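[1] need coordinates for the following:
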Amino acid sequence: MEENCIFCKIVKKELPCFKVYEDDLVLAFLNINPVTLGHTLLIPKKHFENIFDIDENILERIAEVSKKIALKMESIDAEGVTVFQSNGKIAEQEIMHYHMHLIPRRKSDTFRINSVLKPLVLNEDQFKNILEKIKI
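    Model (predicted):
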């Protein structure tokens, strides 16, 4: 646990939350600054800063729980769910404790990801160069 981490304080029950789910590895709660109704955060109970240092078994559990919560969002009239997670300050991670956003989507909501995504135009050599470096 990190002393000044807001999510660690929520895990330790030093700060309140609207709990959606909890087990021995993960905790899910409603975001207090939601972009849509039902916006939920899913975190590991143990402090990991980001995807680069999180244990794989905990990451697997987060994926399992995220699906269960996403399926339940239909009960609050969600027609889809946006799932995202940022790693590092340059990726706009604001709280340096791994967390996944589950954002229920409805035709009427105003949250738009694609309106801010500006695609790059790459040639075949650029694609091949990137592929060579990151292919597993």
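
[2] contacts only, for the residue most central in space within the chain.
    The chain has M100 as the residue nearest its centroid, 1.5 Å off, counting by CA atoms, centre = their mean. When contacts are counted by CB atoms under 8 Å, 6 or more residues apart in numbering, M100 touches L41, L42, I43, I62, S66, V83, F84, Q85. Any C-beta I mention is one placed from the backbone N, CA and C, and that applies to glycine too.

[3] just the buried residues from the residues you listed, in PyMOL please.
    Of the contacts of M100, the buried ones go into a single PyMOL selection, burial set by 16 or more other CB atoms under 10 Å:
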select buried, resi 41+42+43+62+66+85
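
[4] what about the nearest residue to G38 once chain neighbours are set aside, which helix or strand?
    Using CB to CB, 6 or more residues apart in numbering and skipping residues adjacent in sequence, the residue nearest G38 is P104, 4.1 Å away. Assigned by DSSP states H and E, P104 falls within strand 100-105.

[5] what strands flank that strand, and is each parallel or antiparallel?
    strand 40-44 (antiparallel), strand 80-84 (antiparallel) (DSSP bridges).

[6] now tabulate these in CSV and tack on distance to K19 and mean pLDDT.
    Shown next, in CSV, are these (distance: least, CB to CB, whole Å; pLDDT from 0 to 100):
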stretch, distance to K19, mean pLDDT
strand 40-44, 10, 98
strand 80-84, 19, 96
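
[7] make TSV out of those strands and add distance to K118.
    Output for the strands paired with strand 100-105, formatted as TSV (distance: least, CB to CB, whole Å):
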stretch	distance to K118
strand 40-44	27
strand 80-84	17
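
[8] what's the closest of those to D109?
    Judged by CB to CB, the one of the strands paired with strand 100-105 that comes nearest to D109 is strand 80-84, at 9.8 Å.

[9] export the closest one to CSV, keeping only CA atoms.
    Output of strand 80-84 as CSV, limited to C-alpha atoms (Å, rounded to 0.1, in the frame of the first residue of the first chain):
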residue,chain,number,x,y,z
GLY,A,80,-22.6,-0.8,-24.7
VAL,A,81,-19.5,-0.3,-22.4
THR,A,82,-16.3,1.6,-23.1
VAL,A,83,-13.4,-0.1,-21.2
PHE,A,84,-10.1,1.7,-21.0
